[in-house]
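Participant: okay, predicted coordinates and the sequence, questions at the end:
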Amino acid sequence: MIRDERLRSDELRRIDREIRADWSTGAAVEFEEAIAFHDSLPASKRFADVLESADVPLLQPRAGVPRLDDQIDLLESLRTDGGADLLPTTIDSYTRDNEYEKAAEGLEAARETGEDTLNGFPAVNHGVSGCRELIESIDAPIEVRHGTPDARLLAAITFAGGFQSFEGGPISYNIPYTKRHGLAETIENWQFVDRLAGAYTERGVRINREPFGPLTGTLVPPSIAIAIMLIEGLLAATQGVRSITLGYGQVGNVVQDVAALNALQKLGEEYLPDEVVVTTVFHEWMGGFPPDEARASGVIGLGGMTAAIARPDKVITKSPQEFQGVPTREANAAGLRTTRQVIDMAIEQEIDIDGIDEERALIERESRCLMDAVFDRGDGDIVRGTIRAFDDGALDVPFAPSDSAKGAVLPARDDDGRVRIFEWADLEMDGEIKEIHGARLSRRADTEGRDQSFRMVADDVDAISEGKLIGRPEPRGDV
Amino acid sequence: MIRDERLRSDELRRIDREIRADWSTGAAVEFEEAIAFHDSLPASKRFADVLESADVPLLQPRAGVPRLDDQIDLLESLRTDGGADLLPTTIDSYTRDNEYEKAAEGLEAARETGEDTLNGFPAVNHGVSGCRELIESIDAPIEVRHGTPDARLLAAITFAGGFQSFEGGPISYNIPYTKRHGLAETIENWQFVDRLAGAYTERGVRINREPFGPLTGTLVPPSIAIAIMLIEGLLAATQGVRSITLGYGQVGNVVQDVAALNALQKLGEEYLPDEVVVTTVFHEWMGGFPPDEARASGVIGLGGMTAAIARPDKVITKSPQEFQGVPTREANAAGLRTTRQVIDMAIEQEIDIDGIDEERALIERESRCLMDAVFDRGDGDIVRGTIRAFDDGALDVPFAPSDSAKGAVLPARDDDGRVRIFEWADLEMDGEIKEIHGARLSRRADTEGRDQSFRMVADDVDAISEGKLIGRPEPRGDV
Amino acid sequence: MSQTVVLGVIGSDAHVVGITILEQAFSAAGFDVVNLGVQTSQEEFAEAAVAHDAGAVLVSSLYGHARQDCQGFHDVLESAEIDAVTYIGGNLAVGQDDFERTRETFRELGFDRVFDSETDPEEAIAALRRDLQIRPTETERVTVSS
Amino acid sequence: MSQTVVLGVIGSDAHVVGITILEQAFSAAGFDVVNLGVQTSQEEFAEAAVAHDAGAVLVSSLYGHARQDCQGFHDVLESAEIDAVTYIGGNLAVGQDDFERTRETFRELGFDRVFDSETDPEEAIAALRRDLQIRPTETERVTVSS
């Protein structure tokens, strides 16, 4: 059975050879030459250094289009018109499924028709030289963002292509994204990705790794997200990664969001080895958006305000066109600027909100419960523990489509709008914490004059897109 | 000399006769018939009742166009597309200057060309019947908003026309709006307006009166705004007004804004007679806006967040097109919806920020100092005290264009972004408070490595439109 | 008739939130629920319906390709000799201005009832009770306030 | 030459913030400032310049009607025998894409210097010192960081 051990050099080389044979562009990857390319990059493109040395939250949008020149234009406009500090390159769905042939056809069609026939940048097809042209054209650090369960070839090519940050992880890019990939399989895949990042790191090229914090993006209780971040951070650290950005998706309650980001940073530093530099990233609301740009700007504004108070190292912004899917570059830049304005107006203010420490203590206690469950099940090995904990539901993610998680735990908001757990299923949590959640949800039920039920869950899922935080029942006609 | 005494009935009638002769439409005003019209209105159009019974902040935009049918369309779209709870009718500049002939020409031109040749709704020219058609067409309460030093005829016609709320006051519609109107003159004018509102009130039609809180809209220290609100509230109460909404314009520091709104409500209830129902209105940022709709939405978002925490009775919204002047109706509705989304997401959350009580205590102490200065100078008569206090600068408004105020006091933000007083001039304030402000500004000067000077004032005036709260100097090249 | 309900999201669709909420709602209403989850094929629906002797098969689709994904579905059910009631719900067409036409399309494909994405679970539960001639049980724990 | 500066906003313009900041800046720089405030007529500028023996007349305009408001202004000054330096600044034209053209227009009207609304007060102060041949005084309290 797979274990949390550093991939041996010969294994790294063997897998590297294998996966580079999966697609023609793999042949151009050459490690020593890639190190030289990274060494030639200016300080302004070194992702880890730029992120770790910032003293205010850096802003990063999402963006990816199939053609190289279009991607350069898009990123340049997000940097200049949007004022993005860090840039993304979002990968297309075919590449995420390792369907490079289909991605090639899509890219060809994009080149012929001028239309965006893929929903992202097929970095494997563009190959090392295409990636380098992108990196050389944009004066800012760029991260690879995707959602790929088996991202080994993607990592090999984009690392050699000059990218210095790579999103994802074996749980966070499996459980929320796909139905039938086993956890053992994705952990093995990501051990390679992390080891490759570690190999670059050992040569002075600190590849930043960013586990995907929002998970299913729908009312994920903070402690579940944090536990998974810690696990993926530990796995990456084992493989030699030294710059790790732990993620968290806004739930919309300011106190809980600030508390969660504080807890994430603190537990990250505690659980991860000292030699790892831990940073945090805050994702603006990942759930359903209002079908209205004005209201969407309000959601984004609340995200900016939360970021100004919590001061994560990075904020991933949303656009006012979130509801309709991929935004125009103008809307994408608008989301950046709305966020920037709110952060810059609020960040110099001393805004200490009561109750953040208590909420943070609760989140930390829950996170430790979940981590203990994982360590216990693995007899000290976090890989085995993780697989077993997901298998028996001790660790679980709400609304997970994957067969690798039970997906039986259900969240609901309490009367203050904080995300609590309504249905624990088999999640391992101490009884006192369960009682606290139960009491909070019971107070909400009293306020609303209804029983606690899945109806609250359903109402909460739709609430923000319908203009509220908490999914209260409609007032009766006679009230 | 004019005093704070209720206008005698015979005087009320005499002035009423006189001012109704100023323009042809004055003849149609008939008090008893007007009472009957108000009595015929449904509960949903009774401004004071709707405002005073709301349990969340009601939203109101700004809006006025010359033609009646266009104004009806505009308000209806702000109600339905914008979700406004309360509606405005903003009056044109000619009417504000009592130039009814010019307003008539503008209205005629608007009818002929279909263009908005006036910057508002010329209610005097539309007359009682025109106003009533507007009131009857819109299923929401509507307020008259203007900026008229002598609003006597406007009040007579709009009250008879069915409007139940009227913005302004003798200081707040004089000092920030006009250069050469004496305070004694505007106080006399507004005694009539308030007495007329009082006469309606005595017949069961509670006309709501709303002193204009933002004043010059540029970094007005909260206590100065509050003192003027209290004075205008007291003057209105003397004349029999029983529903008074005290105003305050956002300065952008959340703690100070929440503290100021709390202080305004508390001092309003304390200083005004028990029979007056005191409510508060919060104006989203009235200073310069960023020349960018996305950034403007951020400013509006911060306003919504502040409103959610402070919970004033009403919020007057801004639009993302604020920079360019009068917004399109779509942008106006967008400002309403952005504000609504933020308020509705945040208002159910318990957000208690440290330091609000201390800031409120400071604001209250300052406000009391200013009120004492006024009472002292009037030997107990607030009218005489107000005139004398403005005359010798004991009461002053920064950036006041009026000859009736010294306009010598100057504000600047402290290191936390709160508005303090940099230049006191002759403002009457106890020494300890001056020391507190001085110490706060000195801390900012230290942070910025520069002396306290008017440069801070100048930088602060432009800061929000340039994307920051505090006008810090640009970092030097070598930092 | 069997109170067992087979639920799933058809085709390549990975939207899991709605189906999770339906599972909870039908369980709370006293049904036995078999949730096949996302990305379920026509054959997997048929196999589960046979294995669990399902009284109803509930199909969810939110990504706009429901019509393609459901072509021939009722032939598959018929050849497995399944006579369960069949419902479909979700975002059944891209830009569903005229839901009546969408409903007609899916009725013609063989579904007994067709729901849009705004439908409350309660509505589907009430319909299924009528179709299966079931009365609310005493274990009913859902409080509906309207 | 006199260090007295007469300041005002010309025409019907009521923008007071800029002029207030200018008043502070020139006072802090050691000038004697006579601030006429907003909505100042050409005649009021001339009267004040005579009464205070002004070395400079500084005109501000922010509402876009500066050209109309300044027509004949220098004739008025000349007939009052005022030889003060004259500056104008602000938003001098609606949509000033080409400020050089705007500057030329106001130079032709007789102004010695023309500034746009982005000009720092320091720049105007430095220019006035040159024009009036004044050196920074020891009472200078303004710290300029660049």
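Facilitator: Looks like it came in fine. It should be emphasised that the depicted structure is a prediction, and the values quoted were computed from it without experimental measurement.
Participant: how many neighbouring residues does the closest residue to A:Arg472 other than its chain neighbours have?
Facilitator: Of all residues not flanking A:Arg472 in the chain, A:Glu448 sits nearest, at 5.8 Å (Cβ to Cβ, 6 or more residues apart in numbering or on different chains). C-beta here means a position set from N, CA and C on the backbone, and glycine is covered the same way. Using other Cβ atoms under 10 Å in any protein chain shown, the number of residues around A:Glu448 comes to 18.
Participant: roughly how far does A:Glu448 sit from C:Glu122?
Facilitator: Using Cβ to Cβ, to the nearest Å, A:Glu448 is found at 16 Å from C:Glu122.
Participant: list the residue ranges of the chain that fall below the pLDDT cut-off.
Facilitator: Since you didn't name a chain, this refers to chain A. Scanning chain A with the threshold set as pLDDT under 70 gives A:475-479.
Participant: I was thinking of chain C, sorry if that wasn't clear
Facilitator: C:1, C:94-97, C:135-146.
Participant: apply 80 and report the result again.
Facilitator: C:1-2, C:93-97, C:134-146 (pLDDT under 80).
Participant: OK, contacts around the residue positioned nearest the centre of it?
Facilitator: Among the residues of chain C, the one closest to the centroid is C:Leu58, at 1.6 Å (Cα atoms, centre = their mean). Shown in contact with C:Leu58 (Cβ atoms under 8 Å, 6 or more residues apart in numbering or on different chains): C:Val5, C:Val6, C:Leu7, C:Gly8, C:Leu22, C:Phe26, C:Thr86, C:Tyr87, C:Ile88, C:Gly89, C:Ala124.
Participant: helix or strand for it, which one?
Facilitator: strand C:56-61 (DSSP states H and E).
Participant: now do A:Leu302
Facilitator: Going by DSSP H and E, A:Leu302 is in helix A:293-310.
Participant: for that helix, what is the distance to the chain centroid?
Facilitator: 18 Å (Cα atoms, centre = their mean, to the nearest Å).
Participant: show me what it is packed against.
Facilitator: With contacts taken as 3 or more Cβ pairs under 8 Å, 6 or more residues apart in numbering or on different chains; DSSP states H and E, helix A:293-310 sits against helix A:254-271, strand A:277-283, strand A:314-316, helix A:329-346, helix B:293-310, helix B:329-346.
Participant: A:Val277 against A:Ser243, yeah?
Facilitator: Yes: the criterion here is Cβ atoms under 8 Å, and A:Val277 meets it with A:Ser243 at 5.2 Å.
Participant: more crowded one of those two?
Facilitator: The residue with more neighbours, out of A:Val277 and A:Ser243, is A:Ser243; 24 against 18, by other Cβ under 10 Å.
Participant: what helix or strand does the closest residue to that one other than its chain neighbours sit in?
Facilitator: Using Cβ to Cβ, 6+ apart and skipping residues adjacent in sequence, the residue nearest A:Ser243 is A:Ala48, 3.8 Å away. In this assignment (DSSP H and E), A:Ala48 forms part of helix A:47-53.
Participant: how about the strands in chain C?
Facilitator: C:4-9, C:32-35, C:56-61, C:85-90, C:113-116 (DSSP state E).
Participant: that older thread, spell out which residues are contacts of both of A:Val277 and A:Ser243.
Facilitator: A:Ala48, A:Glu52.
Participant: what helices and strands are in contact with the helix holding A:Ala48?
Facilitator: Using 3+ Cβ pairs under 8 Å, 6+ apart, helix A:47-53 sits against strand A:165-167, strand A:208-210, strand A:243-249, strand A:277-283.
Participant: mind listing what's buried in it?
Facilitator: Of all the residues in helix A:47-53, those buried under the rule 16 or more other Cβ atoms under 10 Å in any protein chain shown are A:Phe47, A:Ala48, A:Asp49, A:Val50, A:Leu51, A:Glu52.
Participant: tabulate those residues in a markdown table, adding columns for distance to A:Asp16.
Facilitator: Converted to a markdown table, the buried residues of helix A:47-53 look like this (distance: Cβ to Cβ, whole Å):
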| residue | distance to A:Asp16 |
| --- | --- |
| A:Phe47 | 22 |
| A:Ala48 | 22 |
| A:Asp49 | 26 |
| A:Val50 | 28 |
| A:Leu51 | 27 |
| A:Glu52 | 28 |
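Participant: now flag whichever of those residues is closest to chain D.
Facilitator: Nearest to chain D among the buried residues of helix A:47-53: A:Val50, at 26.8 Å, using Cβ to the nearest Cβ.
Participant: can you give me the strands in chain A?
Facilitator: For chain A, the strands defined by DSSP E cover A:58-60, A:87-90, A:142-145, A:165-167, A:208-210, A:243-249, A:277-283, A:314-316, A:410-413, A:419-423.
Participant: which of the ones you listed sits most buried?
Facilitator: strand A:208-210 (a mean of 30; mean count of other Cβ atoms under 10 Å in any protein chain shown).
Participant: next one: that strand to chain centre, how far?
Facilitator: Per Cα atoms, centre = their mean, the centroid offset for strand A:208-210 relative to its chain is 10 Å.
Participant: just checking, what packs against that strand?
Facilitator: For strand A:208-210, the packing partners by 3+ Cβ pairs under 8 Å, 6+ apart are helix A:47-53, strand A:165-167, strand A:243-249.
Participant: let's have those in JSON lines, adding distance to B:Ser172.
Facilitator: What follows is the helices and strands packed on strand A:208-210, written out as JSON lines (distance: least, Cβ to Cβ, whole Å):
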{"stretch": "helix A:47-53", "distance to B:Ser172": "49"}
{"stretch": "strand A:165-167", "distance to B:Ser172": "54"}
{"stretch": "strand A:243-249", "distance to B:Ser172": "45"}
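Participant: closest one to B:Ala439 among these?
Facilitator: B:Ala439 lies closest, by Cβ to Cβ, to one member of the helices and strands packed on strand A:208-210: helix A:47-53, at 32.9 Å.
Participant: contact partners of the closest one?
Facilitator: Against helix A:47-53 from outside (Cβ under 8 Å, 6+ apart): A:43-44, A:58, A:85-86, A:140-143, A:163-165, A:206-208, A:243, A:245, A:277, A:279, A:313-314.
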